[in-house]
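Undergrad: 3D, please:
(one chain, ligands or ions: 1)
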Amino acid sequence: MKDLEKYIRNIPDFPKPGIQFKDITPLLKAPKILNQSVEMLIEPFLKKEVTAVAGMEARGFIFGALAAHKLNTSFIPLRKPDKLPYDVKQTSYDLEYGSASLEIHTDAAGANDNVLLVDDLIATGGTAAASCKLIEELGAKIVGCAFIIELDFLNGREKLDKYDIHSLIHY
Ligand code: AMP
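TA: Next up, the predicted model:
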């Protein structure tokens, strides 16, 4: 879809100097394009018997839930610490500066699950790699990772080289 890039707004120096923030809210305002992008996001995984889509807080919830709805699967939220109310598993990972943590409910997935991980954007790949690790620690299989946007120059794919990675737009 050659038009998709038009719906991604670049915000220079947000949230801090030097970052080119890729704002997906224009895409959220265009229902037809949004629908097509979600279809393209899941297309390579249609025959993979996906049982659940996992999405990371916060924009992964939007695209992940849309993908889960289209695939008719369950949705697994991965959240920042102290947000999930039940028993959790936690992992920490490095960011460009400092570190962050993500949590998953211990009963979110299990050995019978084939999970597709979805987020709006892959940058260094740290968030996605940590998410895959948590899901695998619950015994589930990762069938792939799908992103609307990939920042190629940050080589995030290298952290996910054992998985099938699919991105719609590359910068
Ligand atoms: P990373 O762990 O470095 O791959 O970062 C990915 C996460 O940070 C995703 O959840 C993105 O939503 C967010 N993110 C990182 N860089 C950007 C950016 N330039 N524009 C928008 N979101 C970003």
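
Undergrad: In contact with the closest residue to Lys80 other than its chain neighbours, which residues?
TA: Distances taken as Cβ to Cβ, 6 or more residues apart in numbering place Glu57 nearest to Lys80, at 5.5 Å, with adjacent residues excluded. C-beta here means a position set from N, CA and C on the backbone, and glycine is covered the same way. With contact set as Cβ atoms under 8 Å, 6 or more residues apart in numbering, Glu57 has these partners: 77-80, 83, 102.

Undergrad: helix/strand/coil for the residue nearest the centre of the chain?
TA: Nearest to the mean C-alpha position of the chain, by Cα atoms, centre = their mean, lies Asp119 at 2.0 Å. Following DSSP: H, G, I helix; E, B strand; the rest coil, the label given to Asp119 is strand.

Undergrad: Who are the contact partners of it?
TA: 55-56, 59-60, 63-64, 127-128, 131, 145, 147.

Undergrad: re earlier: the contacts of Glu57 in strands, which ones?
TA: 77-78, 102 (DSSP state E).

Undergrad: Could you export the residues you listed to a markdown table, including columns for neighbour count, distance to Glu43 and pLDDT?
TA: What follows is the ones in strands among the contacts of Glu57, written out as a markdown table (neighbours: other Cβ atoms under 10 Å; distance: Cβ to Cβ, whole Å; pLDDT from 0 to 100):
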| residue | neighbour count | distance to Glu43 | pLDDT |
| --- | --- | --- | --- |
| Pro77 | 19 | 23 | 98 |
| Leu78 | 26 | 23 | 98 |
| Leu102 | 22 | 27 | 98 |
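
Undergrad: so what pLDDT did the residue nearest to Lys80 get?
TA: We have a pLDDT of 97 for Glu57.

Undergrad: likewise Tyr97?
TA: 73.

Undergrad: And it, its phi and psi?
TA: Main-chain dihedrals, Tyr97, degrees, to the nearest 10: phi -130, psi 120.

Undergrad: Look at it and say how many residues are nearby.
TA: Look at Tyr97: counted by other Cβ atoms under 10 Å, it has 6 neighbours.

Undergrad: Below-threshold pLDDT in this protein: ranges please.
TA: 1-2 (pLDDT under 70).

Undergrad: residues in it within reach of the ligand, list them.
TA: 19-22, 56, 59, 119-128, 156 (Cβ under 6 Å from any ligand atom).

Undergrad: now, which of these lie within helices?
TA: Taking DSSP state H, the ones among the residues of the chain next to the ligand that sit in helices are 59, 126-128.

Undergrad: would a markdown table of the residues you listed with neighbour count and distance to Asp113 be doable?
TA: Output for these, formatted as a markdown table (neighbours: other Cβ atoms under 10 Å; distance: Cβ to Cβ, whole Å):
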| residue | neighbour count | distance to Asp113 |
| --- | --- | --- |
| Arg59 | 19 | 23 |
| Gly126 | 20 | 23 |
| Thr127 | 23 | 20 |
| Ala128 | 29 | 17 |
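
Undergrad: Thank you kindly, that will do.
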